[in-house]
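In: Sequence first, then the predicted structure, then my questions.
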Amino acid sequence: MEELKKLEEIQSRMMLLQSQHFVSPNISTHSSDSQRFLSQFLIFLREPCGRLSVDDKCNLISQHLPKVSALLVEESLVGLPGENEGFEGDYAPGDQVKEEIGGGGGGGRDLVRKFAVDENHDMALIGLDSMKRANSTLEDFCRSYFMFHGMEVTRPECLFKYLPMLSFTESYIYQLDGLNETIVDLIRSKPTVGDQRCDEEARKVMKTFETEPFRPLLLLLEHHGLLTERIREELKQGEEYWALERKLCSTSEQISIDDVMRAIHLKSFDYRVLNLLLYQLQGEEAKYIAEAEEKYEELGKALDPELYSSYQRRCEEATREGGKMGGHALGSWVIPPLIVDENRYRSLMHDCP
């Protein structure tokens, strides 16, 4: 998500450069890279640096730029402290990717450990960093959506009753989002098998992410009886959003406005998932069924008495035809018995004549 925000900012600077005729609007692969560099340079100039104004920075660059050469830049990268281990909260994404995916022993296993990805793809795991990143979104969701569920965010009993599942789900989404951004960086670096920067383990993780990233979470929600078709659909939209993010952030050609608008539309899929999940946690679906029956009852009373009586008789006939005697006049909700021991159930079914 952060990558897409950066891309939007870079794209706006590129359009500004074109509108000012600073660069040619006719984009080739080479000129596209040049425009991206200039856009990032403009963004860099806006970064605060003590008391220096933008004019001060421009004067410094004008004064010292003739002395800068490719050799000087290369020499400045040699022997920097933390070059191999990186600084916490201050690193180059591309270097991080090389280190994690690289062939120096850990390879894809480093990627697996960093994002707590289960190699069997069936167990949902999250890391502390993902939980920290998800915190602000989770707080915003609670403040913005609890009121629609008749809940008060300032009451601890409301907050903590559903927090474990909501927090785990949002943290899992953020974890996949971080992995997606790492994959974007890997695509940009264009690693090859020959230089051992992308081993088989890493490719397996990438393949799993691109095909069924939510499988462990879906299994978890299903196990707890919380998975619905709408939640599944929203998570599918999340997969589409990440695929668009990879496409938009790795292309060297002019990006499609349709892709950008579609990505913006899909961006808040996690809020929709949390909202649907909260309904499930509160048992709102069962409540909705009861309310629907009451509504049908009230609407039926508005009909002509003879017509409503005929309608009720037909409903009762349909119920009997379905093998159920008596019950609600409008029919019964047939809920299959709970299978507690699946192996025993299968054995009994197998032994039935």
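Out: Structure received. Numbering: from 1, shown residues only.

In: drop to CA atoms for contacts and neighbour counts, all remaining ones
Out: Noted.

In: For residue 303, give me phi and psi.
Out: Torsion angles at residue 303 (phi, psi; degrees, to the nearest 10) stand at phi -80, psi 170.

In: Then residue 52?
Out: phi -70, psi 130.

In: Could you measure from it over to residue 336?
Out: Residue 52 sits 71 Å away from residue 336, going by CA to CA, to the nearest Å.

In: Between those two, which is the more surrounded one?
Out: With neighbours defined as other CA atoms under 10 Å, residue 52 and residue 336 compare such that residue 52 has more, 11 against 6.

In: quick one: contacts for the more buried one?
Out: Contact analysis of residue 52 by CA atoms under 8 Å, 6 or more residues apart in numbering lists nothing.

In: And the pLDDT at it?
Out: With respect to pLDDT, residue 52 has a value of 81.

In: Check the spacing between it and residue 58 real quick.
Out: Taken as CA to CA, the span from residue 52 to residue 58 is 10 Å.

In: And for residue 304?
Out: 83 Å.

In: before we move on, what about residue 346?
Out: From residue 346 over to residue 58 (counting by CA to CA), the distance is 76 Å.

In: do residue 164 as well
Out: For residue 164, the distance to residue 58 - CA to CA - is 51 Å.

In: what does residue 9 give?
Out: 21 Å.

In: So which elements touch the helix or strand hosting residue 236?
Out: Secondary structure from DSSP states H and E places residue 236 in helix 229-250. Under the contact criterion of 3 or more CA pairs under 8 Å, 6 or more residues apart in numbering; DSSP states H and E, helix 229-250 touches helix 2-19, helix 156-189, helix 257-266, helix 269-281.

In: Which positions within the second one qualify as buried?
Out: Along helix 156-189, the positions that meet the burial threshold by neighbour count (16 or more other CA atoms under 10 Å) are 165-187.

In: Kindly spell out which helices and strands sit in contact with it.
Out: Secondary elements touching helix 156-189 (3+ CA pairs under 8 Å, 6+ apart): helix 93-101, helix 128-145, helix 200-211, helix 229-250, helix 269-281.

In: rewinding a little: can you show me the CA trace of the helix holding residue 236 as PDB?
Out: Provided in PDB are the C-alpha atoms of helix 229-250 (Å, rounded to 0.1, in the frame of the first residue of the first chain):
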ATOM      1  CA  GLU A 229     -18.800 -16.100   0.600                       C
ATOM      2  CA  ARG A 230     -18.700 -12.300   0.800                       C
ATOM      3  CA  ILE A 231     -15.500 -12.400   3.000                       C
ATOM      4  CA  ARG A 232     -14.000 -14.800   0.400                       C
ATOM      5  CA  GLU A 233     -14.900 -12.400  -2.400                       C
ATOM      6  CA  GLU A 234     -13.400  -9.400  -0.600                       C
ATOM      7  CA  LEU A 235     -10.100 -11.300   0.000                       C
ATOM      8  CA  LYS A 236     -10.100 -12.100  -3.800                       C
ATOM      9  CA  GLN A 237     -10.300  -8.400  -4.400                       C
ATOM     10  CA  GLY A 238      -7.300  -8.000  -2.200                       C
ATOM     11  CA  GLU A 239      -5.400 -10.400  -4.400                       C
ATOM     12  CA  GLU A 240      -6.400  -8.400  -7.400                       C
ATOM     13  CA  TYR A 241      -5.200  -5.200  -5.700                       C
ATOM     14  CA  TRP A 242      -1.800  -6.600  -5.000                       C
ATOM     15  CA  ALA A 243      -1.500  -7.900  -8.500                       C
ATOM     16  CA  LEU A 244      -2.200  -4.400  -9.800                       C
ATOM     17  CA  GLU A 245       0.300  -2.900  -7.300                       C
ATOM     18  CA  ARG A 246       3.000  -5.300  -8.700                       C
ATOM     19  CA  LYS A 247       2.100  -4.300 -12.200                       C
ATOM     20  CA  LEU A 248       2.000  -0.600 -11.600                       C
ATOM     21  CA  CYS A 249       5.100  -0.400  -9.500                       C
ATOM     22  CA  SER A 250       7.300  -2.600 -11.800                       C
END
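
In: Could you list the low-confidence segments of the stretch 51-200 of the chain?
Out: 70-122, 189-200 (pLDDT under 70).

In: For residue 178, see how far away residue 126 is.
Out: With CA to CA as the criterion, residue 126 and residue 178 are 12 Å apart.
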